[in-house]
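> Just to be clear, the model below is a prediction. Sequence and coordinates:
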Amino acid sequence: MKEVVADLMARARAGDGDAFRELTDQYGRELQVHCYRMLGSFQDAEDAFQETLLAAWQGFARFEGRSSLRTWLYRVATNRCLDARRSASRRPAKEWDVPGVDPPEPTRLGEVVWLEPYPDALLDDTIGMPLGPEARYEQTESITLAFVTALQVLPPRQLAVLVLRDVLGFQASEVAEVMGSTLESVNSALKRARASLQRRWPAATVDEPPPAPNSRVEDVIVGRFARAWESADLDALVALLTDDVFMSMPPMPFEYEGRAAVARFCASILGSGRRFDLVPTRANGQPAFGAYLRTPTGISHGVGLYVLTLAGDRICALTRFENSVLSSFGLPRSLASR
């Protein structure tokens with residue numbers, strides 16, 4: 001095996017693209033997920049991942065093997081993401097644009113309006129991947145929308161250090177190598193990042209855990225939500241929500257917190273006469289639905305994606321995304337009404 005890898009390394013350094021792909025393909029999906037945690041946007045993560053592969057290919061002749069290939073690739077990917085964080089003009093907040101619906105006053109305006117969901121179909125290769133001994137978070141926990149959102153408000157270098165140490169489990173010395181920094185700097189950044197994340201993500205320590213994916217408990221609550229939303233049964237919908245339920249809808253900054261506030265928002269949607277068909281999918285390890293607005297023509301048009309966050313047997317968060325994300329989930333832009 002060592003001889004095979006050494007041969008591939010030599011060929012890749014000499015400019016053999018097939019050898020380079022054979023060496024790096026096994027790390028592709030985890031690197032893309034790393035970019036997603038760093039950037040919070042599926043499209044931005046894909047762009048950063050492609051730039052990572054290009055930069056790694058162009059610089060492979062300089063890879064001397066003093067660290068593992070995986071660590072070196074993470075260094076390239078992390079630097080691409082840090083560059084993106086510094087230079088990107090983030091997707092701006094969008095004005096309310098739902099015709100015929102006058103939303104209630106939001107609880108607040110959100111900061112992370114560039115957030116996008118990540119399709120579960122692309123996570124299969126990373127769930128169960130061995131993590132380093134320093135990992136503090138479960139793989140499923142560290143891809144949830146709430147966690148990824150909390151990461152986005154960290155300063156870029158703190159974000160990178162926390163993801164590398166606490167999510168992926170790299171040793172502090174490895175993180176210092178990836179970041180081109182010192183151990184002292186890494187440990188200081190990690191301490192600040194952990195404190196900031198705890199303030200931004202305190203619910204993780206108090207909420208009931210979600211039911212297991214695709215379990216009977218999850219199936220029941222998800223089915224009840226679908227029936228309530230499709231039939232515009234506001235009372236049945238509100239009965240599924242926790243007292244502190246939270247709703248957001250990037251890139252629109254509107255956020256609603258608490259059952260009464262979310263109920264008022266849902267009433268503005270369902271009370272407008274709009275009726276929907278829902279198509280189940282999964283995003284960020286969570287149940288989700290493509291939402292299709294029914295029309296008199298018998299065709300339902302895709303208007304967005306809803307992602308549910310569950311706590312016990314209730315819904316503790318509901319995130320609505322625009323219809324531009326549907327294609328990433330293999331969902332059509334329209335379908336025949338039921």
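Structure's in. What do you need? Residues are numbered from 1 along each chain as shown.
> from here on, contacts and neighbour counts on C-alpha atoms
Fine.
> Any figure for the gap between residue 119 and residue 32?
12 Å (Cα to Cα, to the nearest Å).
> Can you pick out the residue with more neighbours from those two?
Comparing residue 119 with residue 32 by neighbour count (other Cα atoms under 10 Å), the higher total belongs to residue 32, at 24 against 21.
> and the more buried one, what does it touch?
Listed by Cα atoms under 8 Å, 6 or more residues apart in numbering, the contact set of residue 32 reads 45, 46, 48, 49.
> just checking, residue 145 touches residue 112?
No - if you go by Cα atoms under 8 Å, residue 145 and residue 112 don't touch, sitting 11.1 Å apart.
> In terms of pLDDT, where does residue 206 sit?
On pLDDT, residue 206 comes in at 54.
> Over to the residue sitting furthest away from the middle of the chain. Which of the three states is it?
In the chain, counting by Cα atoms, centre = their mean, residue 3 sits farthest out from the average C-alpha position, at 38.4 Å. Counting by DSSP: H, G, I helix; E, B strand; the rest coil, the backbone at residue 3 sits in helix.
> Also the one 5 residues further on?
Remark: residue 8 carries the secondary structure label helix [criterion: three-state DSSP].
> do residue 291 as well
strand.
> Now do the same contact list for it.
Contacts of residue 291 by Cα under 8 Å, 6+ apart are 276, 277, 278, 279, 302, 303, 304, 305, 306.
> Take these and keep only those in helices.
Judged by DSSP state H, helices contain none of these.
> in the stretch 51-200 of the chain, what spans have low per-residue confidence?
Applying pLDDT under 70 to the stretch 51-200 of the chain picks out residues 88-89, 127-128.
> quick one, strands of the stretch 51-200 of the chain?
Under the criterion DSSP state E, counting those that start in this stretch, strands of the stretch 51-200 of the chain are mapped to 108-109.
> any chance you could map the helices in it?
69-87, 145-152, 156-162, 172-179, 183-200 (DSSP state H, counting those that start in this stretch).
> Which among those is found nearest to residue 37?
Nearest to residue 37, of all those, is helix 145-152, at 5.8 Å by Cα to Cα.
> Identify all contacting residues around the closest one.
37-40, 112, 115, 117, 141-142, 159, 197, 200-201, 284.
> cool, stretch 226-243 as well?
221, 224-225, 258-259, 263, 266-267, 270-271, 275-278, 313-316.
> nearest residue to residue 44 other than its sequence neighbours?
Excluding the flanking residues, the one nearest residue 44 by Cα to Cα, 6 or more residues apart in numbering is residue 36, at 7.5 Å.
> And the pLDDT for the one you found?
We have a pLDDT of 97 for residue 36.
> residue contacts, it?
42, 44, 45, 46, 118.
> Selecting buried members of these in PyMOL, what would you type?
In PyMOL, this line selects whichever of the contacts of residue 36 come out buried by 16 or more other Cα atoms under 10 Å:
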select buried, resi 42+44+45+46+118
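> which one of the contacts of residue 36 is nearest residue 293?
Comparing those against residue 293 with Cα to Cα places residue 118 closest, at 22.6 Å.
> Was I right to think the closest one contacts residue 283?
Yes - Residue 118 is within contact range of residue 283, at 5.4 Å (criterion: Cα under 8 Å).
> hmm, back to that, quickly compare the helices of the stretch 51-200 of the chain and say which is most buried.
Of all the helices of the stretch 51-200 of the chain, helix 156-162 has the most neighbours on average by mean count of other Cα atoms under 10 Å, namely a mean of 24.
> Other residues contacting it?
38, 78, 82, 85, 151-152, 175, 179, 186, 189-190, 192-194.
> can you check stretch 3-19 too?
So stretch 3-19 is contacted by 20, 22, 23, 60, 61 (Cα under 8 Å, 6+ apart).
> Out of the residues you listed, who's the most crowded?
Going by other Cα under 10 Å, residue 20 tops the contacts of stretch 3-19 with 21 neighbours.
> Now do that residue against residue 56, distance only.
9 Å.
> same check, this time on residue 298
50 Å.
> which one of the two has more residues nearby?
Taking other Cα under 10 Å, residue 298 and residue 56 do not tie; residue 56 has more neighbours (20 against 11).
> For the more buried one, list the residues it contacts.
73, 76.
> continuing past the lengthiest strand in the chain, what's the next helix or strand?
When the chain is parsed with DSSP state E, its longest strand is strand 299-311. Reading on from strand 299-311 to the C-terminus, the next helix or strand found by DSSP states H and E is strand 314-322.
> Buried residues of the helix or strand that that next one is followed by, list them for me.
Toward the C-terminus, strand 314-322 is succeeded by strand 334-336 as the next helix or strand (DSSP H and E). By neighbour count on 16+ other Cα under 10 Å, the buried set for strand 334-336 is residue 335.
> Pull the residues that contact stretch 110-121.
36, 40-43, 90-93, 145, 149, 152-153, 248, 250-255, 282-285, 321, 325, 328-329.
> Next, count neighbours for residue 59.
12.
> Likewise for residue 134?
Residue 134: 15 neighbours (other Cα under 10 Å).
> Contacts only, for it.
165, 166, 168, 169, 170, 171.
> now it: how far from residue 164?
9 Å.
> joint contacts of these two?
With Cα under 8 Å, 6+ apart as the test, residue 134 and residue 164 both reach residue 170.
> so where is the stretch 201-338 of the chain shaky, pLDDT-wise?
For the stretch 201-338 of the chain, the ranges with pLDDT under 70 are 202-207.
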